[in-house]
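**Q** Structural data only, the sequence is not supplied:
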Ligand code: PEP
Ligand code: MN
């Protein structure tokens, strides 16, 4: 039996290109996914979507099912949230990235999402990974917060083994001993992934930092290490956000970030 894995460069030497609507990952460009942590209201998602689109974001993100540390925290609007995301797509034309928490709601999320996110806490939920592997939609697989590169790639292997080869990996910060940030963005893993695997890998500085004032520099750093794109949380009223307000950029900060990031990536990627 061959031990060559579907995720590996040995199996496929050229970079895999993933299309989410007409947005392309893995072809040397740097698409940016932006939006709030959670879908809260119609006005909130439409307002954020319009501003991030204007700034150059190509995919809108927002959670309808939220994996919260505390069961007493806001858990997301569920189906109603997905419906609001559908409105965002209709109004703005932006494809939608949203998280699926369990096999139970997979069919529902799959109906609305253009890019299905599997979060850090579910990276080794093998039944969920297998279900994702039977989906026709691309999967955004976040790295487990304590996962090694090998464990992360093996999680992707579960998806690929079931037939779905459209996976974008996302480094979102790992647990370390530091107290100045929520997690530590592991920039070195970007190069390590690219060496081992043909799959595109993007960075999520928002969940890595956990605090707003570190995010813009980490985003620039991700562009400089030649990640294949970015996921960033943006909120029109972060003080009132129902989830992850402290790490959400204000729309004008996001616009400023977008003004520079492609030039940084262009230097690093050449
Ligand atoms: C999110 O994207 O809002 C999220 C919960 O991410 P993570 O799984 O990386 O914590
Ligand atoms: Mn979040």
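**A** Arrived safely, thanks for sending. Please read these numbers as outputs of a predicted model, since none were measured by experiment. Numbers count the residues shown, from 1 in each chain. Ligands and ions are numbered 1, 2, ... in the order given.

**Q** For residue 8, see how far away the residue nearest to residue 115 when sequence neighbours are not counted is.
**A** Take residue 115 and drop its neighbours on the chain: the residue closest to it by C-beta to C-beta, 6 or more residues apart in numbering is residue 97, 4.1 Å away. Quick note: C-beta positions are derived from backbone N, CA and C, even for glycine. Computed as C-beta to C-beta, to the nearest Å, the residue 97 to residue 8 distance reads 26 Å.

**Q** thinking again about what came up before, is the residue nearest to residue 115 in a helix, a strand, or coil?
**A** Look at residue 97: counting by DSSP: H, G, I helix; E, B strand; the rest coil, its state is strand.

**Q** so what's it bridging to?
**A** Residue 97 has the following beta-bridge partners by DSSP bridges: residue 61, residue 115.

**Q** Which per-residue confidence value corresponds to it?
**A** Here, the pLDDT recorded for residue 97 equals 98.

**Q** And the one 5 residues further on, by the same measure?
**A** pLDDT, the model's per-residue confidence, is 98 for residue 102.

**Q** Tell me how many other residues surround it.
**A** Other residues within reach of residue 102, judged by other C-beta atoms under 10 Å, total 14.

**Q** Offset the numbering so it begins at 31, please.
**A** New numbering, starting at 31: the last item is residue 132.

**Q** returning to that earlier point: which residues does the residue nearest to residue 145 contact?
**A** Residues touching residue 127, when contacts are defined by C-beta atoms under 8 Å, 6 or more residues apart in numbering, comprise 50, 63, 65, 89-91, 143-147, 170, 261.

**Q** May I see these arranged in a markdown table, with neighbour count as well?
**A** Compiled in a markdown table, the contacts of residue 127 are given as follows (neighbours: other C-beta atoms under 10 Å):
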| residue | neighbour count |
| --- | --- |
| 50 | 23 |
| 63 | 29 |
| 65 | 29 |
| 89 | 24 |
| 90 | 28 |
| 91 | 30 |
| 143 | 26 |
| 144 | 19 |
| 145 | 24 |
| 146 | 24 |
| 147 | 23 |
| 170 | 28 |
| 261 | 29 |
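
**Q** of the residues you listed, list those near ligand 2.
**A** When C-beta under 5 Å from the ion is taken as the criterion, no member of the contacts of residue 127 contacts ligand 2.

**Q** And the furthest pair within those?
**A** By the measure C-beta to C-beta, the contacts of residue 127 have their two most distant members at 65 and 146, which lie 15.0 Å apart.

**Q** I figured residue 291 hits residue 60, correct?
**A** Yes: taking contacts as C-beta atoms under 8 Å, residue 291 lies within contact range of residue 60: 6.9 Å.

**Q** before we move on, the earlier item: roughly how far does the residue nearest to residue 145 sit from residue 288?
**A** Note on residue 127: its distance to residue 288, by C-beta to C-beta, is 17 Å.

**Q** that older thread, can you list residues touching both of residue 291 and residue 60?
**A** Joint contacts of residue 291 and residue 60 (C-beta under 8 Å, 6+ apart) are 253, 260.
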